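Chemist: requesting a structural model of the entry that follows:
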Amino acid sequence: MQGLPTETLNDLNLYEEDGATLVTLLVEYPDKETRDMILATGMADGMEASFARLERELLTV
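Modeler: As a prediction, the model looks like this:
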């Protein structure tokens, strides 16, 4: 997220399992307070919606 006064570690992995590509995303914040502040923004719901939209697009290719 832009504008945060702190840095995060984002680790995205794509791997194949049973003929499907799976995505894992780990986001690490420097402390619990920052994590809780970010979660309170609704970011997790937005990310889930984005991944669902990506999945729909990829299935139509």
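
Chemist: biggest helix in this protein, by residue count?
Modeler: When the chain is parsed with DSSP state H, its longest helix is helix 43-59.

Chemist: so how far is it from its chain's centroid?
Modeler: 9 Å (C-alpha atoms, centre = their mean, to the nearest Å).

Chemist: which strands and helices sit next to it?
Modeler: With contacts defined as 3 or more C-beta pairs under 8 Å, 6 or more residues apart in numbering; DSSP states H and E, helix 43-59 has no helix or strand neighbours. Backbone N, C-alpha and C define where each C-beta goes, glycine included.

Chemist: redo that, cut-off 10 Å
Modeler: Packing partners of helix 43-59 (3 or more C-beta pairs under 10 Å, 6 or more residues apart in numbering; DSSP states H and E): strand 20-28, helix 32-39.

Chemist: which stretch among those is buried most, on average?
Modeler: helix 32-39 (a mean of 13; mean count of other C-beta atoms under 10 Å).

Chemist: which other helices and strands does that helix contact?
Modeler: Against helix 32-39 (3+ C-beta pairs under 10 Å, 6+ apart) you get strand 20-28, helix 43-59.

Chemist: columns distance to Asp36 and mean pLDDT on top of those, output as TSV?
Modeler: Shown next, in TSV, are the helices and strands packed on helix 32-39 (distance: least, C-beta to C-beta, whole Å; pLDDT from 0 to 100):
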stretch	distance to Asp36	mean pLDDT
strand 20-28	13	91
helix 43-59	11	90
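
Chemist: just put the helices and strands packed on helix 43-59 in a markdown table and tack on distance to Arg56.
Modeler: As requested, those are exported to a markdown table (distance: least, C-beta to C-beta, whole Å):
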| stretch | distance to Arg56 |
| --- | --- |
| strand 20-28 | 14 |
| helix 32-39 | 25 |
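
Chemist: and these: which comes nearest Ala49?
Modeler: strand 20-28 (14.1 Å; C-beta to C-beta).

Chemist: what strands flank the closest one, and is each parallel or antiparallel?
Modeler: For strand 20-28, the paired strands and their directions (DSSP bridges) read strand 9-17 (antiparallel).
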